[in-house]
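# no FASTA, just this:
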């Protein structure tokens, strides 16, 4: 273990690791998902100037055999030429566990990790907390995530409690693996914690995110938050499903999450969400978000636009469902208030033509608009 190495030996090893510059993240921030190493249908260079960062998916990189390449080239930033000053946040693979095991029955949770079958190859894979952190170390991500046991939230309390306790044990193992990979002692971890001042997070080493579970039960959500806070992490993510079966944001559960994690820590709304949900979460103290909505909705022809510019959708936004016949001869731009290249150069009618004919240019243009619109929306609602 690194903790028993002499200080001079640890300093020597640290010198061999890639150097890192101090990073700053202005809050609140929204990260689009780059699940397979890119934002679906959109090259990074089209939006690099807008984005504070992206979220990448640890398990997919592992199953695609990409880890050795990332090790060789020095991580995701170098591999993709994603700007070094931007933040790369890696998940743990936990949400894929929810999909493959809990929903599809392709595996099981053991004390060692999540054992499941790859639906494409049939190969069995054991994702342990240690392997997850090892992959994230190869990615050289700026924010890394401890492996958890996610649930939908409406399971029996006995099931939620078991998952909560497993999540805590895995979180402790994740932190141990993280400290070993970064050659840090527990005291050094504390001494180099990020600084959260007003609306800016500053840090020099990779951060470690713990995922709070507990389902929809307030007492269990509080218990998970307190157990993980006692272990000590840099930021805390809301795990599980933030909305109920009717799609309504569960504000009481979110409040419990915020109130029982350290007040000086960044709160991360994992998988949240719609513009309305983001506004509510910011008011609760959650400042970091990611979601597939901008890119996924774009591929299905659903575009976010300024309130009053489209079909009624939420309190803070409208939608344009561009495949609808009403836009066939509409020569106006998607959103009169948007300055994105899609809105500047193309009409609703043309965009409808592209997407109706499955033209990949249409997917790119619509995704560009939604990503651009989300980032401007965050700027407009920022304090």
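Perfect, I can see it now. Please read all numbers here as calculations on a predicted model, not as lab measurements. Residues are numbered from 1 along each chain as shown.
# so where do the helices sit in the stretch 1-150 of the chain?
7-16, 58-63, 67-73, 76-80, 94-97, 129-139 (DSSP state H, counting those that start in this stretch).
# need the winner for burial among the ones you listed.
helix 129-139 (a mean of 24; mean count of other CB atoms under 10 Å). Just so you know, the C-beta spots here come from the backbone N, C-alpha and C atoms, and that holds for glycine as well.
# so for that one, mean pLDDT?
Regarding helix 129-139, the rounded mean pLDDT is 98.
# closest to residue 269 out of the helices of the stretch 1-150 of the chain?
Minimum separation from residue 269 across the helices of the stretch 1-150 of the chain (CB to CB) falls at helix 94-97, 13.6 Å.
# who does the closest one touch, helix- and strand-wise?
Under the contact criterion of 3 or more CB pairs under 8 Å, 6 or more residues apart in numbering; DSSP states H and E, helix 94-97 touches strand 114-117.
# who does the strand it packs on pair up with?
Strand 114-117 has its sheet partners listed here by DSSP bridges as strand 107-109 (antiparallel), strand 124-127 (antiparallel).
# quick one: residue 265 and residue 233 touch, right?
Yes. Shown here, residue 265 and residue 233 form a contact pair, counting by CB atoms under 8 Å, at 7.4 Å.
# who has more neighbours out of those two?
residue 233 (26 against 20; other CB atoms under 10 Å).
# so the more buried one versus residue 139, what's the distance?
From residue 233 across to residue 139, the span is 18 Å (CB to CB, to the nearest Å).
# and the closest residue to residue 157 other than its chain neighbours, how far from residue 246?
Take residue 157 and drop its neighbours on the chain: the residue closest to it by CB to CB, 6 or more residues apart in numbering is residue 217, 5.9 Å away. With the distance defined as CB to CB, residue 217 ends up 18 Å from residue 246.
# more neighbours: those two, which one.
A count of neighbours by other CB under 10 Å puts residue 217 above the other of residue 217 and residue 246, at 19 against 5.
# let me know the pLDDT of the more buried one.
Looking at residue 217, the pLDDT reads 93.
# then the one 10 residues further on?
Model confidence at residue 227, given as pLDDT, is 98.
# try residue 8
47.
# what's the answer for residue 345, then?
For residue 345, the predicted pLDDT is 98.
# burial count for it?
10.
# out of the strands paired with strand 114-117, which is closest to residue 190?
Once the strands paired with strand 114-117 are compared by CB to CB, strand 124-127 is nearest, at 28.1 Å.
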